[in-house]
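Visitor: how would this look folded up:
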Amino acid sequence: MARRVRKAVFPVGGMGTRFLPATKAMPKEMLPVVDKPLIQYAVEEAAAAGCEHFIFVTGRGKNALEDHFDHNPELERTLKERGKFDLVEAVTSWMPKSGQMSYTRQTEPLGLGHAVWCARDLVEDEPFAVLLPDDLILAKTPCLKQMVAAHTELGGHVVAVTDVPREHTKRYGILDVEHDNGRVAKAKGLVEKPDPAVAPSTLSIIGRYILHPAVFDVLDKKEKGAGGEIQLTDAISQTIGMVPFHGLRFDGQRFDCGDKVGWLEANIAFALEREDTGDAVREALAKYKF
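Guide: Next up is the predicted model:
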């Protein structure tokens, strides 16, 4: 049985240029979906999967993100004085406890692999999760919790995967599949953003990973790949053969919230699922002719 996944890494150093000017002074991870920022959804997903240590790899201008995971005594006191205890619960109940959060800086934008490498001393020698807050997943069982269950049985690296149109393979890390039972695919290789004509499959990694610490040995070399960046997929690929590597087709719907339309769609989908907003949103949408 594989070791338990206790630590989750959140690479949140990006500038969010696709959402300018909204992200000029606000981290893109603080963009709300209904009434919660993207980073809160990611942390809640990690906590639901059993993670106990939350590691944020930040950059300049991310103070609002750190403040979000801290108490605001003035706000909480005012809410209590006004008898709004439901709102006190809303702003405090999900927060990790003191000592469960760590922050480290990625001082140069050298890619996702480099961001994960920046967390190496906090992760140490144990399996860990990586969650990209831009990828928001609507699921009855949280995606990472599904992955942890698979990792307990399979060990090694486990990534969340989904099939994409072949013409889109150049946007993703694509698995070279050895065996596929329809839910779990064992991979013999991994290619970052291949041309559709030579892509080994259409099975694409999305922003959820459970990784064996052996990946740090490769990331230590700081080898640059696609786009001149240190690619996490390249490091994973170099450990295949030493470490088992599987892709899990998760149950749920993924929204690319790094894209304006994807973020808008996520707001609609999550609002429709909620009892307090679902009916009102359906009524509002009915006013528009498509």
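
Visitor: Where do the strands of the protein begin and end?
Guide: Applying DSSP state E to the chain gives strands spanning 7-11, 32-33, 36-37, 53-58, 101-105, 128-131, 135-138, 157-163, 173-180, 184-192, 203-211, 245-249, 253-256.

Visitor: Put together a markdown table for the ones you listed, with mean pLDDT on each row.
Guide: Shown next, in a markdown table, are the strands of the chain (pLDDT from 0 to 100):
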| stretch | mean pLDDT |
| --- | --- |
| strand 7-11 | 97 |
| strand 32-33 | 96 |
| strand 36-37 | 96 |
| strand 53-58 | 96 |
| strand 101-105 | 94 |
| strand 128-131 | 98 |
| strand 135-138 | 96 |
| strand 157-163 | 95 |
| strand 173-180 | 90 |
| strand 184-192 | 90 |
| strand 203-211 | 95 |
| strand 245-249 | 96 |
| strand 253-256 | 95 |
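
Visitor: can you list those strands in a markdown table and add distance to residue 268?
Guide: In short, each C-beta sits where N, CA and C put it, glycine included. Below are those laid out as a markdown table (distance: least, CB to CB, whole Å):
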| stretch | distance to residue 268 |
| --- | --- |
| strand 7-11 | 25 |
| strand 32-33 | 10 |
| strand 36-37 | 15 |
| strand 53-58 | 28 |
| strand 101-105 | 31 |
| strand 128-131 | 23 |
| strand 135-138 | 11 |
| strand 157-163 | 20 |
| strand 173-180 | 28 |
| strand 184-192 | 31 |
| strand 203-211 | 20 |
| strand 245-249 | 24 |
| strand 253-256 | 10 |
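
Visitor: Reformat the ones you listed into CSV and put distance to residue 85 and mean neighbour count next to each item.
Guide: Converted to CSV, those look like this (distance: least, CB to CB, whole Å; neighbours: other CB atoms under 10 Å):
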stretch, distance to residue 85, mean neighbour count
strand 7-11, 30, 25
strand 32-33, 22, 16
strand 36-37, 19, 17
strand 53-58, 26, 22
strand 101-105, 25, 16
strand 128-131, 31, 26
strand 135-138, 28, 22
strand 157-163, 37, 23
strand 173-180, 46, 20
strand 184-192, 45, 19
strand 203-211, 34, 24
strand 245-249, 40, 23
strand 253-256, 32, 18
